[in-house]
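Asks: Predicted model follows, preceded by the sequence.
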Amino acid sequence: MNPGMNAGTTTATPESAILSPELLRQHSITDDEYQRILQALGRVPSLTELGIYSVMWSEHCSYKSSRVHLKRLPTESARVVQGPGENAGIIDVGDGWVCAFKIESHNHPSYIEPFQGAATGVGGILRDIFTMGARPLAVMDSLRIGPIAASSKDETTAVIHKNHSILEGVVSGIASYGNCFGVPNLGGETRFESCYSGNPLVNAFALGLMRKDEIFYGKATGIGNPVIYVGAKTGRDGIHGATMASEEFHEGSEQKRPNVQVGDPFMEKLLLEACLEAMRTGAIVGIQDMGAAGLTSSSCEMGARGGVGIVMNLDQIPQRETNMTAYEMMLSESQERMLLVAEKSRAEEVLQVFAKWGLDAVIVGSVIAEPRLRILHRGVLVADIPNTSLTDDAPRYHRPVGTWKAPVPAVPPAEILRQMQSSRNAEADLKTLLASSNLCSKRWVHEQYDSMVQTNTVQGPGGEGGVMRIKGTKRGLAMALDGNGRWCYLNPRLGAAHAVAEAARKVACTGATPVAATNCLNFGNPEKPEIMAQLSTAIDGIAEACIALGTPITGGNVSLYNETKGEGIYPTPVVGIVGILEDVTTAVPADFQRAGDTVLVLAATTPAKENAALASFGSSEYARVIFGSLWGQPPALDLTAEAKLHLALAALAGARLLHSARDISDGGLAVALAEGGFQHQLGAEITLAASETSDMLALFGEDASRVIVTCAAASIQRIEQLVAQYGLTIQARGTTTRATLTVQTDKRALLSANVAELIPIWADSLESTLRQEVITPAGRMA
Amino acid sequence: MKFGVLVFPGSNCDHDTYNVMAEVVHQPVTFLWHESSDLENCDAILVPGGFAYGDYLRTGAIARFAPIMQSVKKFAAAGGPMLGICNGFQILCESGLLPGALMRNAGLKYICKQVHLRVETTDSPFTHALRAGEVLKIPIGHMEGNYFCDAETLAQLERERRIAFRYATPEGAVTPEANPNGSLGNIAGILNEGRNVLGMMPHPDRSSETLLGSADGLRIFDSLMASLATK
């Protein structure tokens, strides 16, 4: 045992820091919080202790503003093996397999340094998965970036150039990390809005598989068991990263670049293989990755979960730089590191596995009975803190929650209303929509990701949800991400419920049954009551939808302070849904498969009447892109009907009646019909059953709970019977074609377009936008 | 027939290649660790894709020095069949087992997608069960797949019909538009002089089951199996 380990029973106390209000402010610790620290310690903290409290009590680590509200989320079902509170949630998928999954944000680092910020976001979420013993099976990302095309808004050329570089950096960072590590990326979603210009969102989702009896937890047990540090050496990178992620951005935030860590995916790949191999020895009792707040969070959280303490001697920590202080080592966020606790008599077996993979593995401490975190450095006790004061007993605030008010009028401005009533060219509008950043093909993004490594990808990026097979079983897993910030801005509760419903609908379109959810709540500054109103009501919306759709939340992440110069982002909850396919060969693709198939538009609710449809049209992509305007509310959502739609889709897929299924969402029916055919150069000719609304609303309105399916003509009767059982109506019928896209009623044509003309508009838009010389109306270089 | 899959630190298609041989081709297969020098009496060697040693230096530049590569070179010199896929192709070029080099893609970005390959020669253990001129749908996934060699080497490859596959349209036309990475002459795979070593950027390991979008890659493994059986 190392010298100094007997300090587990020491009576000495760490030397107090010389505290000033300035020092507390630098650590983002309020006067009240400082009083709590004095109480927890019974004395003035040392500088190292102050740093430890500062990171563990940061919003990012403690969830102090959101925790009281998160309690309202449903977290249980027969399938949930592990709910929130661990490194990732776990659900039972059958045949002795379980899957671990979670979504997490890396927003602030990705603004300051897009490539490394996004890359380490992927690295962090992957470690959360394999620290539980699961081999990562797939990743996806939800990206929100400021506009990349010149618009009528007042973005300057410099802002658009910056957004280009953020998108390029983020995508190549994600690609570089995931590709090298060897995990398939199934895409996800990318959207552009002005509010993300100074505050891009990078939310990374990962899912891994393991046997149910081989789950590992981040829990320290067994007094005297050795605490082992493995992986990359500790450097000065990322110090105070968690605190940075808990502040608004202001002028000069770019100066925080040293706070962003640098990723090494090769090291992570070795760490994965070594950890899984070490776990198989049976000698590991607990393991946790060093994510935000690094050595600090991993050691105190493992101790707190086990009801024990940990003592560590920092002299033993593998170090990349010289003369690092205890403060720097405890707060470093160097990547690709893990902390584990091994059986006392079997530590050598663990060390040997890491040696085989060429990784550092060092005994740095041991488990002690007293539930405290004790840190020694150069023979001196530098920190001695009750674990729970850092974790369960961290401050939690009932911050003032304002009353939410609709931010825009319910009806369109008079000028827009006039435009809506004048006759419009639907084909031209469709082309404009298909070329717009939010609706165009994201091929440029996802072709940079390896979507096929591990040879499990049944449906990769570009469809509805991703579908992976589980080798050695008949089963498959489907997954999708969704979140519409604009809708949440218009109505946080309804918008958040839509995020759950749409992600689940995408999963259901593949034929899978949605069974669980993870969420990443991206909001502004919680110290503002209006932001807390958004957060609190959005959580209610998620809770409501998750209960109705049978998808409990098993974990996730909250990212607050997404503001730059006092300007907040749209409230943007991003939801990830996981679904199960009992037989993966029944998975339904999103793309039309051949000409001559029957097309059906299935709806779980009746179409909105003209007034309601007009109000919700203000939240559509059409209103945004064509009119540059925003009014009204998101579409109505009937969660009971939505749940029936999902059941119907599973039944139709299970009976192998569908050739394709796709959600009608952004851009409405016309865009969904067009996109359905692009992969195989097909069109469709459909006839609407009845339309009580104007043509524009029928074509481009975004009513929820609708899908387009294609099938063999011979299957129609069985499909009609089945969908009637679930209360669905068929709103339109038609046929897939080789060349044209037409929508009509029995009386007149609403839309007619040539598919060959539409394809390049949609397929090449993103790439050509990024290559264009940017000349904005606002014109000037800042 | 026994197959050996080389494993370097950072190989990440090692399990994929192993899985195809064990579960689809149904043959004995074993991993061969980079620090070993024993090929364990394998009948054919597969060098899988991935990022050996992280590819932070030029791809394959460190892997060529691994102890196992000495045995691999002897195996190839004795006429043993060897298939390098993606990073495996890059490693075989760096090791001098195949001529030329794989540069950064012309578009400078990693590309993962299905592509089409025209079969250029059936005179090899890997392609003899295919038809010359037929088109296979097999995916790529790489950042450095832009094949290059000097004019003399290219002339020799052409003359000796050692170009195994070229990127083509689904109809089999070898065009600039069908070239995903800027490779010289749309080259996707080449043979060594002895025709027993094939290097290719596209992944037959990812296209051996229809569930995954294509089973065309399996025909390369089946071809290899058939030629081993008649030896």
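Replies: The structure has been received and is ready for your questions. All values derive from a computational prediction rather than experimental measurement.

Asks: Low-confidence stretches in the stretch 251-400 of chain A?
Replies: A:251-259 (pLDDT under 70).

Asks: Which positions in it make contact with chain B?
Replies: Applying C-beta under 8 Å from any C-beta of the partner chain, one finds that the stretch 251-400 of chain A approaches chain B through A:264-267, A:269-270, A:357-358. The way it works is simple: take the backbone N, C-alpha and C, and place the C-beta from them, glycine included.

Asks: ChimeraX command for the buried members of these?
Replies: Selecting only the buried members of those in ChimeraX, with burial defined as 16 or more other C-beta atoms under 10 Å in any protein chain shown, works like this:
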select /A:264,265,266,267,269,270,357
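
Asks: out of the residues of the stretch 251-400 of chain A next to chain B, which one sits closest to chain B?
Replies: A:Phe266 (2.8 Å; C-beta to the nearest C-beta).

Asks: Isn't that closest one up against B:Ile62?
Replies: No - here A:Phe266 lies out of contact with B:Ile62, judged by C-beta atoms under 8 Å, at a distance of 10.7 Å.

Asks: Distance check, A:Glu702 against chain B.
Replies: Look at A:Glu702 and chain B: by C-beta to the nearest C-beta, to the nearest Å, they are 30 Å apart.

Asks: do the same with A:Leu339
Replies: As defined by C-beta to the nearest C-beta, A:Leu339 lies at a distance of 22 Å from chain B.

Asks: Secondary structure element holding that residue?
Replies: Element membership for A:Leu339 (DSSP states H and E) is strand A:337-342.

Asks: Now the very next helix or strand once past that strand: buried residues?
Replies: Note on strand A:337-342: by DSSP H and E, the next helix or strand toward the C-terminus is helix A:347-356. For helix A:347-356, the neighbour count (16+ other C-beta under 10 Å) marks A:347, A:350-351, A:353-354 as buried.

Asks: circling back to that earlier point, any residues in contact with both of A:Phe266 and B:Ile62?
Replies: Here A:Phe266 and B:Ile62 have B:Tyr53 as joint contacts, going by C-beta atoms under 8 Å, 6 or more residues apart in numbering or on different chains.

Asks: circling back: which one among the buried residues of helix A:347-356 gets closest to A:His659?
Replies: Closest to A:His659 out of these is A:Val353 (48.4 Å), distances taken as C-beta to C-beta.

Asks: ok, for the closest one, nearest residue in space, not its chain neighbours?
Replies: Setting aside the residues directly before and after it, A:Val353 is nearest to A:Ala278 in space (C-beta to C-beta, 6 or more residues apart in numbering or on different chains), at 4.3 Å.

Asks: can you count the residues close to the residue of the stretch 551-700 of chain A found nearest chain B?
Replies: Residue nearest to chain B within the stretch 551-700 of chain A: A:Thr585 (6.6 Å; C-beta to the nearest C-beta). Per other C-beta atoms under 10 Å in any protein chain shown, the neighbour tally for A:Thr585 reads 13.

Asks: Is it part of a helix or strand, or is it coil?
Replies: At A:Thr585 the chain is in helix, as set by DSSP: H, G, I helix; E, B strand; the rest coil.

Asks: Would you list the phi and psi of the residue lying closest to it once chain neighbours are set aside?
Replies: In space, A:Thr585 comes closest to B:Leu211 once its chain neighbours are excluded; the distance is 6.6 Å by C-beta to C-beta, 6+ apart. Phi and psi for B:Leu211, reported as degrees, to the nearest 10, are phi -60, psi -30.

Asks: can you check B:Leu108 too?
Replies: Dihedral angles (degrees, to the nearest 10) for B:Leu108: phi 70, psi 10.

Asks: and chain B, which of its residues are near chain A?
Replies: B:9-10, B:12-13, B:15-16, B:19-20, B:23, B:49-51, B:53-56, B:109-113, B:139, B:141, B:143, B:203, B:205-206, B:208-209, B:211-213.

Asks: how about a cut-off of 7 Å?
Replies: B:9-10, B:12-13, B:16, B:19, B:50-51, B:53-54, B:56, B:109-113, B:139, B:141, B:205-206, B:211-212 (C-beta under 7 Å from any C-beta of the partner chain).

Asks: Would you mind naming what in chain A lies close to chain B?
Replies: A:175, A:179-180, A:182, A:266, A:269-270, A:358, A:447-455, A:457-458, A:469, A:585.

Asks: Could you list which of the residues you listed belong to strands?
Replies: If you go by DSSP state E, the residues of chain A next to chain B have A:457-458, A:469 in strands.

Asks: Quick check: bridge partners of the residue nearest to A:Leu477 when sequence neighbours are not counted?
Replies: Distances taken as C-beta to C-beta, 6+ apart place A:Met468 nearest to A:Leu477, at 5.1 Å, with adjacent residues excluded. A:Met468 has the following beta-bridge partners by DSSP bridges: A:Thr457, A:Leu477.

Asks: For A:Phe216, list the residues it contacts.
Replies: A:131-133, A:279, A:284, A:287 (C-beta atoms under 7 Å, 6 or more residues apart in numbering or on different chains).

Asks: If we use 10 Å, what do you get?
Replies: A:86-87, A:100, A:130-134, A:210, A:275-276, A:279, A:284-288, A:340 (C-beta atoms under 10 Å, 6 or more residues apart in numbering or on different chains).

Asks: Check whether the closest residue to it other than its chain neighbours sits in a helix, strand or coil.
Replies: Computed as C-beta to C-beta, 6+ apart, the closest residue to A:Phe216 that is not its neighbour in sequence is A:Gly133, at 4.2 Å. Under the three-state scheme (three-state DSSP), A:Gly133 adopts coil.
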